[in-house]
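Asker: Below is the sequence, then the predicted model.
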Amino acid sequence: MYQLHPDDALAAAREEFPAYLICEFHDGRGAPDYTAILREGYRSGMQAQMLHAPSLDDLLAELRAQPRPQPARHDRAGRLGPSGGD
């Protein structure tokens, strides 16, 4: 679930990594796990498109190890492309 009113730690993670949708899920026993999904409109070159970790600290460590995503560019026709168009 994407919490609209997350706790302070999750809100800070979302602020630090605005290119990712960061969500807290719970397994059948109620234990939390965390997922970050690269938002549409960002390049998916060297960075992972989805990351998963058992704790928010682990997820943040994985995100910090990734290259920072850059917004994808559009070609002259307005199509989204990995390198844009000239």
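Answerer: All right, it came through fine.

Asker: going forward, measure contacts between C-alpha atoms and count neighbours the same way
Answerer: Fine.

Asker: give me every residue that touches residue 54.
Answerer: Under the criterion of C-alpha atoms under 8 Å, 6 or more residues apart in numbering, the neighbours of residue 54 are 32, 33, 34.

Asker: 6 Å instead?
Answerer: Each residue near residue 54 by C-alpha atoms under 6 Å, 6 or more residues apart in numbering is listed here: residue 33.

Asker: if I look at it, how far off is residue 37?
Answerer: Separation of residue 54 from residue 37 (C-alpha to C-alpha, to the nearest Å) stands at 15 Å.

Asker: Residue 38: how many residues sit nearby?
Answerer: 20 (other C-alpha atoms under 10 Å).

Asker: Which residues are in contact with the nearest residue to it once chain neighbours are set aside?
Answerer: Excluding the flanking residues, the one nearest residue 38 by C-alpha to C-alpha, 6 or more residues apart in numbering is residue 20, at 4.4 Å. With contact set as C-alpha under 6 Å, 6+ apart, residue 20 has these partners: 36, 37, 38, 39.

Asker: Got a quick PyMOL command for the buried subset of those residues?
Answerer: Only the buried entries of the contacts of residue 20 go into this PyMOL selection, using 16 or more other C-alpha atoms under 10 Å:
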select buried, resi 36+38+39
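
Asker: which residues of this protein fall in strands?
Answerer: According to DSSP state E, the chain carries its strands in the segments 20-26, 32-38, 50-53, 73-74, 80-81.

Asker: Output those strands as a markdown table; include the columns mean pLDDT and distance to residue 11.
Answerer: Shown next, in a markdown table, are those (pLDDT from 0 to 100; distance: least, C-alpha to C-alpha, whole Å):
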| stretch | mean pLDDT | distance to residue 11 |
| --- | --- | --- |
| strand 20-26 | 92 | 9 |
| strand 32-38 | 93 | 13 |
| strand 50-53 | 94 | 17 |
| strand 73-74 | 68 | 27 |
| strand 80-81 | 58 | 29 |
